[in-house]
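Participant: Any chance you could fold what I've pasted below:
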Amino acid sequence: MDFYSAGQQPPASPRPAHADPGFSALELIVVLAVLASLATFALPGFSLLLERWRVRQTAQSLQWSLLHARTEALKRGSMFIERLPHNAHGCRQAAAQRDWSCGWVVFADANGDRRWNAGEETQRTDTPPGVSVVRSSGGAVIRLDQWGMMDGLNAQGFRIAAPDAAGPARTVQAVCVASGGRIRTTDLGKSSCR
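Facilitator: Sure thing, here's the model as predicted:
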């Protein structure tokens, strides 16, 4: 039998009419305080993770640029890689020729001046902010001959690091080019091509 058909009212709800589902202000403040405490402990680890990712990304970009330049040198007869004096992220380099921290450009030298000019570029890489790229020896330009060899038979190396705000680098990788042309990237923490 139905309550409505018998003319009776349904039984009253055990919940009071003024009760509103949700959180009280006190519960919300406690949850926010716990989340803020957890974030305080997690941020230093997260910044180290981002630092490692930026260094690894830069090392892989450099490795791919070197491989790209070798491939193009085999096709075209020669290629060049030159450091950028500045980039879109506001990077300004020191006068040292070994500092490649702003990035680099791979280009075919159409006019023979061994310098990058507009229209010669085949690939450009701007490094992320806060990453240091230093070439172990040599200057601002790398030449690749028709066999894909870089500036003769001397081994090349690049040290890529994200300096700690307090001083020395915490995250370091090295991109190494052997005299035979093999390109490899070291594990994090190792900074030498030897």
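Participant: pLDDT (mean, whole number) over stretch 31-49?
Facilitator: The average pLDDT within stretch 31-49 is 78.
Participant: go on, stretch 176-184?
Facilitator: 78.
Participant: start to end distance for that stretch?
Facilitator: Stretch 176-184 has an end-to-end distance of 5 Å (Cα to Cα, to the nearest Å).
Participant: got a list of what the closest residue to residue 66 other than its chain neighbours touches?
Facilitator: Leaving aside its sequence neighbours, residue 66 sits nearest to residue 183 (Cβ to Cβ, 6 or more residues apart in numbering; 5.2 Å). C-beta here means a position set from N, CA and C on the backbone, and glycine is covered the same way. Residue 183 makes contacts with 63, 66, 67, 175, 176, 177, as judged by Cβ atoms under 8 Å, 6 or more residues apart in numbering.
Participant: Would you format those as TSV with distance to residue 33, neighbour count and secondary structure included?
Facilitator: Output for these, formatted as TSV (distance: Cβ to Cβ, whole Å; neighbours: other Cβ atoms under 10 Å; DSSP: H, G, I helix; E, B strand; the rest coil):
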residue	distance to residue 33	neighbour count	secondary structure
63	46	18	helix
66	51	23	helix
67	51	13	helix
175	45	25	strand
176	49	20	strand
177	53	23	strand
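Participant: Now for the closest residue in space to residue 109 that isn't next to it in sequence: which residues touch it?
Facilitator: In space, residue 109 comes closest to residue 80 once its chain neighbours are excluded; the distance is 5.4 Å by Cβ to Cβ, 6+ apart. Residues near residue 80 by Cβ under 8 Å, 6+ apart: 69, 106, 107, 108, 109, 114, 116, 141, 142, 143, 144.
Participant: didn't the fourth one look like it was pressed against residue 122?
Facilitator: Yes - at 6.3 Å, residue 108 counts as touching residue 122 under the criterion of Cβ atoms under 8 Å.
Participant: Now do the shared contacts for these two.
Facilitator: Counting by Cβ under 8 Å, 6+ apart, the contacts common to residue 108 and residue 122 are 72, 79.
Participant: if you count what's nearby, which of these two comes out ahead?
Facilitator: Applying other Cβ atoms under 10 Å to residue 108 and residue 122 shows that residue 108 carries more neighbours, namely 18 against 15.
Participant: Secondary structure element holding the residue nearest the centre of the chain?
Facilitator: Nearest to the geometric centre of the chain sits residue 54, at 2.7 Å (Cα atoms, centre = their mean). Element membership of residue 54 [criterion: DSSP states H and E] is helix 25-76.
Participant: Residue ranges in this protein under the pLDDT threshold?
Facilitator: 1-21, 43-45, 87-90, 93-95, 152-155, 164-170, 179, 187-194 (pLDDT under 70).
Participant: repeat that for 80
Facilitator: 1-23, 39-49, 85-97, 109-121, 137-139, 148, 151-156, 163-171, 178-181, 187-194 (pLDDT under 80).
Participant: can you map out the strands along it?
Facilitator: 79-83, 103-107, 121-126, 132-135, 141-144, 156-163, 169-177, 183-185 (DSSP state E).
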